[in-house]
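> Okay, predicted coordinates and the sequence, questions at the end:
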Amino acid sequence: MIKKFYLKLLMSLLLVALAVPQVMADELIVANGSATSQYAPIYGRYYDQKCKSAPNEVTVAEDGTAISDGYNRSPIPVEGTYFDTPGTYGQTIYKKSDLSLLADKNITKVKYYSNTTFNENSIGGVVLEIYLMETEISEMPYSGLTFTGSAVGEYVIQGGEKDIEFVLTEPFSYSGNKNLAVQVKVKTAKSYQSIAWIGKLDDWISYSNYGNSGARSTTLPKTTFTYEKENQPSVTEITLAEMLETGVNDTEYTISNDLAVVEIANNADYAFLTDGENWIRVEFNEENEDAFYNDYIKGGTLKGTLKGIELNPYIVATATPEAGETAVDYEIATISLDETFTLKVNQVAEILGYWNEDDGALRAYAPSYANQGQSMTVNTAWAGDNITLVDGHYYQIRSAITLKEAWNETTSGRGLKDYDFDFQNYIANALIAPSTPTGIEELNLSNVKSVRYYNVAGIESDVPFQGVNIEVITYKDGSSTSRKIMK
């Protein structure tokens, strides 16, 4: 595995329109307050009369605490003590402004919170039922609200627990155009226990009833509404090759291939992966970065949003992929800018060239005054302090390749003397410290036909003369370059 350099630095998803909708649960919390026996959802002590609560997951009064409104009763979700009388109930009006996340959603659960452990001997087995309805009323009437229809869920109190959660028998469709009213009623009674429910003070939005006595209150119980998020398309699973060929920007994909992590860019939050044939740049964050320290990524676990498909495709990882156990074979291409080459976008390669400080490019092996042969812009910022290029030196740099600017078609580039070479317009992002060859023998010049040396008298030799030499390199395509060297 190629050595990688790591540095920690540091997505709503738009999904495929034709993907199958998938129902996903979310929640809203209301009135996350402190504990008191004076809150709804049910008269705080009397679990001996029938009562009821609310469903879903949007939490209301999340900052609530256990406080008292000065009454001996409260709707949270049932009067805080009396679970000994069937029919005891608590009612709460939740303002639509607090439930904007629930608009056009189906509520599936409602949860209430207390800081009191339920006593099995006192109230264990008490059955509560819950009712929901939309209402234009924003202030609780002195006589409470009238709920029509049947209960939409039940909860059996268990000793040792502190919270109650209703799972609705059928989802309740909330429009979001009106306030939401919830009633919790004691269906099956037992005895009593003082319960301190979590909530906060609000407007006159609650009501509790025990027997024939009832009163409204300003207590708002902390309530979590669980709801269904509709029309959430499932993530498309696709091979890397298929995604690069047919992928759509801003669409989330799961790559089905096993992948090799070839490089992690130094000073950047990118990794370069391959399936052995195709390449992709993956942008990660602090939460999922560690996964890319692995040599391989398990197929079907790399999920991300596709970007830049028109030119320089990459994906933004939206989940943490799993380490792969299957090796992925791949090769690092070695190219010389003297030769025609074609690389894929985001491919990692080793590039041989002559550094030119004037334009920040690697050029073909040639004297500094010639400026001939192909060239490639090098972004050395990616390598940080691990790379220092010196004008006039030859380097072989391992780089991640991306298309430069807007060209993605083969174009005619500089040629060696009278020869034209077709190549794509790339920019190379240096990833690791380069080597700095000091002589011709250290260069990978597979296209060199011969190297000859001439002294000041014009005598030719296969090896350098002592002193000043003119080195002439002849290439297989018939071109040649020369330079003055000293031995």
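Arrived safely, thanks for sending.
> and residue 139, what are its phi and psi?
phi -120, psi 130 (degrees, to the nearest 10).
> Helix or strand for the closest residue in space to it that isn't next to it in sequence, just tell me which one.
Excluding its sequence neighbours, the residue lying closest to residue 139 (C-beta to C-beta, 6 or more residues apart in numbering) is residue 204, at 5.1 Å. In this view, the C-beta of every residue, glycine as well, is placed from N, C-alpha and C. Residue 204 is part of strand 197-210 when elements are defined by DSSP states H and E.
> go on, residue 159?
For residue 159, there is no helix or strand it lies in under DSSP H and E.
> now swap in residue 362 and tell me
Using DSSP H and E, residue 362 falls in strand 361-363.
> Just checking: what are the partner strands of the helix or strand following that strand?
Next in sequence after strand 361-363, counting helices and strands by DSSP H and E, comes strand 375-379. Next to strand 375-379 in the sheet, as set by DSSP bridges, lie strand 361-363 (antiparallel), strand 426-430 (parallel).
> Among those, which comes closest to residue 306?
Closest to residue 306 of those, according to C-beta to C-beta: strand 426-430, at 19.8 Å.
> now the end-to-end length of stretch 354-364.
In stretch 354-364, first residue to last residue: 6 Å (C-alpha to C-alpha, to the nearest Å).
> Which positions in it come out as buried?
Using 16 or more other C-beta atoms under 10 Å as the test for burial, stretch 354-364 gives 354-356, 361-364.
> Among those, which one lies nearest to residue 254?
Nearest to residue 254 among the buried residues of stretch 354-364 is residue 362, at 36.9 Å by C-beta to C-beta.
> which regions of this structure sit below the pLDDT cut-off?
1-57, 63-82, 229-234, 365-373, 404-423, 433, 435-448, 475-477, 479-487 (pLDDT under 70).
> close enough to count as contact, residue 112 and residue 221?
Yes. Assessed by C-beta atoms under 8 Å, residue 112 is found in contact with residue 221 at 5.5 Å.
> May I ask which two of the buried residues of stretch 354-364 are separated the most?
Farthest apart among the buried residues of stretch 354-364 - using C-beta to C-beta - are 355 and 364, which lie 11.9 Å from each other.
> got a list of what residue 169 touches?
Residue 169 sits next to 152-153 when contact means C-beta atoms under 8 Å, 6 or more residues apart in numbering.
> which SS state does residue 325 fall under?
coil (DSSP: H, G, I helix; E, B strand; the rest coil).
> That one: how many residues sit nearby?
8 (other C-beta atoms under 10 Å).
> how about it, what does it touch?
Residue 325 neighbours (C-beta under 8 Å, 6+ apart): 296, 298.
> Could you report the separation of it from residue 297?
11 Å (C-beta to C-beta, to the nearest Å).
> do the same with residue 121
In terms of C-beta to C-beta, residue 121 sits 55 Å off from residue 297.
> And those two? Which one has more around it.
Of the pair residue 121 and residue 297, residue 297 is the one with more neighbours under other C-beta under 10 Å, namely 25 against 9.
> looking at it, that one is touching residue 291, isn't it?
Yes. Between residue 297 and residue 291 there is a contact at 7.3 Å, judged by C-beta under 8 Å.
> shared neighbours, the two?
Residues touching both residue 297 and residue 291 (C-beta under 8 Å, 6+ apart): 321-323.
> I'd like the residues you listed as CSV, with neighbour count and distance to residue 239 appended.
Putting these into CSV (neighbours: other C-beta atoms under 10 Å; distance: C-beta to C-beta, whole Å) gives the following:
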residue, neighbour count, distance to residue 239
321, 26, 15
322, 15, 18
323, 15, 20
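> Switch those residues over to JSON lines; also include distance to residue 402.
Listed next are these as JSON lines, based on distance: C-beta to C-beta, whole Å:
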{"residue": "321", "distance to residue 402": "22"}
{"residue": "322", "distance to residue 402": "27"}
{"residue": "323", "distance to residue 402": "26"}
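> ok so, going back, a markdown table for the buried residues of stretch 354-364, including distance to residue 391?
A markdown table is the format used below for those (distance: C-beta to C-beta, whole Å):
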| residue | distance to residue 391 |
| --- | --- |
| 354 | 9 |
| 355 | 6 |
| 356 | 7 |
| 361 | 11 |
| 362 | 12 |
| 363 | 11 |
| 364 | 16 |
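> Am I right that residue 187 is in contact with residue 130?
No. The criterion here is C-beta under 8 Å, and residue 187 misses it with residue 130 at 10.0 Å.
> more neighbours, these two?
residue 130 (30 against 19).
> give me the beta-bridge partners of that one?
residue 153, residue 184.
> do the same with the one 5 residues further on
When assigned by DSSP bridges, residue 135 has beta-bridge partners residue 179.
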